[in-house]
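Undergrad: return atomic coordinates for the entry below.
(one chain, ligands or ions: 1)
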Amino acid sequence: MSLPICTEELFGPSAAAKVRALEARYGNGDLIRVLEALEIAGPFEVLSPWELRAPDGRGLINAGGYAALPFGEGYPPLVAFVQRYLREGRAISLPQQSASAWRAALETNLVALLARHAPSHADSQVFFSNSGAEAIETALKLVRAARPGVPYIVNFTRGYHGKTLGALSLTPNEEYQAMFRPLLPDVLTLPYGDAQALTDALRKYGKKVAAVIVEPIQGEGGVVTPPPEFLPRIGLLARRYGFLVVADEIQTGLGRCGYDFASLALGLEPDIVTLAKPLGGGLVPIGATIARRDLMRQMLGGLGSKRHSSTFGGGSLAMAVGLKSLEIIEAEGLSERARVFGQRGLERLQALAARYPDFFEAVRGAGMLFALQLRPVLPPIGLSPELVSQLGSALGLRALDRAGIHACYTLNSSRTVRLTPALNMPEPVFDDLFRRLEGAARQPQAGRLLRAPPATLVKLARLALRG
Ligand SMILES: Cc1ncc(COP(=O)(O)O)c(C=O)c1O
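TA: Numbering: from 1, shown residues only. Okay, the predicted model is just below:
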């Protein structure tokens, strides 16, 4: 029996409806059905690193990609490098049982980059995995190994650290956690940004806290920058009580928020740093956990060196792409560029929010990470307000798509859509992004646009209620 679809066919144009039907049947069907009801299911075609084409022929500016597309899609210097790697590279693909030049180089460069901002990390070490959640799992195991018998891990409201069971335990969202309990015990969830609550909790739990895990700026929580005293206070308390500090820089790190490491820029020196998204250059999955040498040794020292492992982690192609991605971020000064363009973008967003208050409820930004919190969607056909609110992000995505912008869902903040443009998005495209956004907001019935046609809402409601 031959397989139903051969790769050769996929290089040519494919019928969008057929692709969606196959996905709905054999993949995460209801996700595709929701996107289809919103008419944003694609598949999308790449026109340039920063622009896409929808199946109906409309051009979209790509501000999606969940902060994992630092250079957009198929950035030519990265693609040329990968082609060269595949042509000329002689390294084995999965160097689990050997040294590897590519892995060694990325370990070296990541530690050097971190130590540039935090010299005490000059001696740190790196463990590679394949996703953000896995980088968090590694961090969790490092904490357990280094603080045996110390039960509590502190996390924060609206934090997002991934959906594998350990990472999910640290992601306090009922929608994601409820079905999977029991999760890890002894997770102490405190209000994000509240230095006093943290201080009080530590007075109570003191030496029973093994670690605090924190996003220096919350991404999935809706792009929330904490008050200036919050992150430094974590460091201060860590020195007082001896817990470890894990900075989850999976979304904020390597340029997205305008810094190589947002935690360090905002006054917190972590013991463990997790990285993922941009390191893969939008092409390959990578997770990286950087930790002080003594922590790494406690988990992996001596015969324990196989205690934590991953078949694909540290794979040569991923390492090569990670190396090149870091190199491009450095060579093109993308952290700095994200800071400058991000500030300009935020000012434009704030001006739009002031001019169109019926469309925007709030806007926030940190570097090239923007959040648009949209006005509540009124239920025109008797849907419950909770349900309509839940669907708010999805409807926001639809409204932006209509205006020619491909945006990102926000996993931990309802009615919020994020724009995560490439860090190297050319200025004219970046300007056009905000012009299009204004186009969406300027509609005389912007609110109605957000509400979407009743038929769409009915379809969405049916799908939502199936769960
Ligand atoms: C801060 C943060 N941590 C962890 C994760 C999980 O990463 P992944 O989806 O690669 O597992 C994400 C993903 O959005 C994230 O933003």
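
Undergrad: hey, where'd the strands end up in the stretch 251-400 of the chain?
TA: Across the stretch 251-400 of the chain, reading from the start of the chain, the strands by DSSP state E, counting those that start in this stretch fall at 272-275, 287-291, 360-366, 369-374.

Undergrad: residues in contact with stretch 327-346?
TA: 70-71, 75, 77-78, 254-260, 278, 281, 363-370, 421, 423-425, 427, 430, 433-434 (Cβ atoms under 8 Å, 6 or more residues apart in numbering). Placement of C-beta: from N, CA and C, glycine included.

Undergrad: let me fix that, I meant to ask about stretch 45-53.
TA: Contacts made with stretch 45-53 from outside it, assessed by Cβ under 8 Å, 6+ apart, are listed as 44, 59-62, 71-76, 406, 421-422, 424-426, 429.

Undergrad: buried subset of those residues, written for ChimeraX?
TA: A single ChimeraX command is used to select the members of those judged buried by 16 or more other Cβ atoms under 10 Å:
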select :44,60,61,62,71,72,73,75,406,421,422,424,425,429
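
Undergrad: which of the contacts of stretch 45-53 fall in helices?
TA: Using DSSP state H, the members of the contacts of stretch 45-53 that fall within helices are 76, 429.

Undergrad: show me which positions of stretch 25-34 end up buried.
TA: Of the residues in stretch 25-34, those with enough neighbours to count as buried (16+ other Cβ under 10 Å) are 32-34.

Undergrad: just those now: which is nearest P55?
TA: P55 has its nearest neighbour among those in I32, at 13.4 Å by Cβ to Cβ.

Undergrad: nearest residue to L349 other than its sequence neighbours?
TA: V363 (4.2 Å; Cβ to Cβ, 6 or more residues apart in numbering).

Undergrad: how many other residues sit next to the one you found?
TA: Look at V363: counted by other Cβ atoms under 10 Å, it has 23 neighbours.

Undergrad: is it bridged to anything, and to what?
TA: Taking DSSP bridges as the rule, V363 bridges to L372.

Undergrad: look up how far R398 lies from it.
TA: To R398, V363 is 19 Å away according to Cβ to Cβ, to the nearest Å.

Undergrad: once you drop chain neighbours, what's closest to A371?
TA: Spatially, and ignoring its direct neighbours in sequence, A371 is nearest to V223 (3.6 Å; Cβ to Cβ, 6+ apart).

Undergrad: that neighbour and G365 touch, don't they?
TA: Yes. If you go by Cβ atoms under 8 Å, V223 and G365 touch, sitting 6.4 Å apart.

Undergrad: so for the two, which residue has more residues nearby?
TA: Here V223 and G365 are compared on neighbour count by other Cβ under 10 Å; more neighbours surround V223, at 28 against 25.

Undergrad: kindly report the residues of this structure close to the ligand.
TA: By Cβ under 6 Å from any ligand atom, the residues of the chain that approach the ligand are 66, 131-133, 136, 160-162, 215, 219-220, 248, 250-251, 276.

Undergrad: could you rerun that using 5 Å?
TA: Contact residues (Cβ under 5 Å from any ligand atom) of the chain with the ligand: 131-133, 161-162, 215, 219, 248, 250-251, 276.
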